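In: turn this into a model:
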Amino acid sequence: MDMEKVYQERLKRYTTALKNEKPDMVPIRPLVAEFTAKYTGFTCQELSQDCNKAFEAACICAKDFDWDAVCPNMVYVWAGITQANGSKYYAMPGVEISADTAFQYREPSEDDAFMKPDEYDELIADPTGFLANVWLPRTSTDVAAPGQPTSFRNNMAFLRGGMAMLNYFSSFGPQCERLRKECGTVPAIAGMLKAPLDIIGDKLRGYIGLTMDLMERPEKVKKACEALIPHLAYNAIASAGSATNFPVGFWMHRGCTPFVTQEQFDNIYWPTLKPVIEAIWESGHQTMFYAEGNWDNHLEAFTELPDRSIVYHVDQGDIFKAHKVLGDKFCISGGIPNALLSYGTPDEVRQRCKEVIDGVAKDGGYIMDASAIMQNDTNVENIKAMTEFTREYGVY
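Out: The predicted structure is shown next:
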């Protein structure tokens with residue numbers, strides 16, 4: 001098989017759908033994470049401890065399944081980095097949790113938040129300085145705060161952490177080439193983004209702390225989000241590089257109702273996210289809105305963005321409603337429930353795929369995928385059913 005020919009066919013199919021146009025058939029882009037461990041016989045611990053095994057598992061799945069696009073490695077948290085710099089906020093398989101459990105984020109309690117409620121002004125004045133001087137020492141078992149006694153472990157955390165990051169992220173280019181040459185498979189995304197408010201909730205204040213701040217000091221929260229805008233836009237564009245064919249991955253966490261109120265979304269979350277998305281689009285990149293949870297209450301806000309500037313991925317929302325509101329402007333993906341792929345039957349999976357293709361993909365602009373990232377509870381036969389049915393039924 002001529003893999004370069006296969007790659008070019010899949011690339012055209014995928015990018016045509018991303019542009020909200022009609023390709024030759026519905027593209028398939030499953031974001032498989034720990035599923036790759038289940039399928040290839042590795043444990044979650046092996047994939048998180050050895051990134052080469054994670055890359056290998058991704059390639060094996062890409063070879064064995066007729067998929068158009070995949071992430072080079074969806075098990076993205078590598079223990080080589082978290083252990084090198086002493087990170088406190090990840091629980092890794094086989095270390096803090098069982099070997100067959102996906103890595104977990106350990107959110108601090110309100111009292112132990114990595115940023116205190118009276119430190120907003122410091123963050124606003126200098127986000128980079130605050131992260132380096134305050135946040136990093138608090139999130140690491142090894143890094144000393146400025147003015148505190150240094151140590152061998154402190155010095156090695158920077159050396160080992162830097163080497164680990166260089167080693168890991170420089171591996172993605174060769175992995176993409178391997179997927180192209182060995183599997184004919186396209187990279188699903190390029191670059192990474194989080195919303196400003198999610199940075200504060202996920203990495204700084206914790207969700208409980210953020211909810212209190214949104215009530216007690218909303219203007220400080222908004223100013224902090226505004227201060228983060230240029231940094232997050234730069235990170236997204238720089239990490240995407242020259243790969244303008246593929247969208248920047250944007251993982252949407254707790255910025256929707258009921259995690260925040262509609263007023264908080266309207267006044268803080270959306271006004272500080274929209275400029276980032278517009279900057280990414282101006283640089284030539286789409287953004288994949290990976291709408292974890294249910295974002296149906298906010299679909300109208302997303303219509304304010306330029307046509308084709310985003311790809312909207314549906315998790316627990318109503319994919320038919322999303323298509324009705326956004327389908328004229330943006331490509332839609334997802335909508336096949338993870339619970340169905342884990343615990344349903346192949347016939348039930350085929351029926352759901354038919355409903356989604358009939359209701360969303362008729363005029364193009366749809367990419368087949370599960371509702372959320374697939375972990376090791378996903379049933380192999382159901383993934384085969386989703387893939388094979390889409391190939392047979394999803395031809396234009």
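
In: buried sites along stretch 329-344?
Out: 329-338, 340-342, 344 (16 or more other CB atoms under 10 Å). Every residue, glycine included, has its C-beta placed from N, CA and C.

In: which SS class is the residue nearest the centre of the chain?
Out: In the chain, the centroid-proximal residue (CA atoms, centre = their mean) is Trp251; its distance is 4.2 Å. At Trp251 the chain is in strand, as set by DSSP: H, G, I helix; E, B strand; the rest coil.

In: ok, the nearest residue to it once chain neighbours are set aside - contacts?
Out: Taking CB to CB, 6 or more residues apart in numbering, and ignoring the residues beside it in sequence, Trp251 has Tyr290 as its nearest neighbour in space, at 5.1 Å. With contacts defined as CB atoms under 8 Å, 6 or more residues apart in numbering, the neighbours of Tyr290 are Gly249, Phe250, Trp251, Met252, His313, Asp315.

In: next, the last one: phi, psi?
Out: According to degrees, to the nearest 10, the main-chain angles of Asp315 amount to phi -100, psi -90.

In: what residues does the closest residue to it other than its chain neighbours make contact with?
Out: Distances taken as CB to CB, 6+ apart put Ser371 closest to Asp315, at 4.5 Å, once the chain neighbours are dropped. Applying CB under 8 Å, 6+ apart, we find Ser371 in contact with Val314, Asp315, Gln316, Gly334, Gly335, Ile336, Pro337, Asn338.

In: now flag whichever of those is closest to Ser48.
Out: Of all the contacts of Ser371, Ser48 sits closest to Asn338, with 20.1 Å by CB to CB.

In: contacts only, for that closest one.
Out: Listed by CB under 8 Å, 6+ apart, the contact partners of Asn338 are Ala370, Ser371, Ala372, Met374, Thr378.

In: same check, this time on Phe158
Out: Each residue near Phe158 by CB under 8 Å, 6+ apart is listed here: Asn85, Val143.

In: same question, Phe389
Out: When contacts are counted by CB under 8 Å, 6+ apart, Phe389 is found next to Val349, Arg350, Cys353, Lys354.

In: adding distance to Glu119 and neighbour count, write those residues out as JSON lines.
Out: What follows is the contacts of Phe389, written out as JSON lines (distance: CB to CB, whole Å; neighbours: other CB atoms under 10 Å):
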{"residue": "Val349", "distance to Glu119": "48", "neighbour count": "23"}
{"residue": "Arg350", "distance to Glu119": "53", "neighbour count": "19"}
{"residue": "Cys353", "distance to Glu119": "49", "neighbour count": "24"}
{"residue": "Lys354", "distance to Glu119": "53", "neighbour count": "14"}
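
In: can you list the residues you listed in a markdown table and add distance to Lys362 and pLDDT?
Out: Conversion of the contacts of Phe389 to a markdown table gives the following (distance: CB to CB, whole Å; pLDDT from 0 to 100):
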| residue | distance to Lys362 | pLDDT |
| --- | --- | --- |
| Val349 | 20 | 98 |
| Arg350 | 18 | 98 |
| Cys353 | 14 | 98 |
| Lys354 | 12 | 98 |
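
In: can you add distance to Pro218 and secondary structure and give these back as TSV?
Out: Output for the contacts of Phe389, formatted as TSV (distance: CB to CB, whole Å; DSSP: H, G, I helix; E, B strand; the rest coil):
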residue	distance to Pro218	secondary structure
Val349	44	helix
Arg350	48	helix
Cys353	43	helix
Lys354	46	helix
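
In: tell me the two of the residues you listed that are most distant?
Out: Spatially, the most separated pair among the contacts of Phe389 is Val349 and Lys354, at 9.8 Å (CB to CB).

In: name the helix or strand for Val311, please.
Out: When elements are assigned from DSSP states H and E, Val311 belongs to strand 310-314.

In: in three-state terms, label Phe259 for me.
Out: With three-state DSSP as the basis, Phe259 sits in coil.
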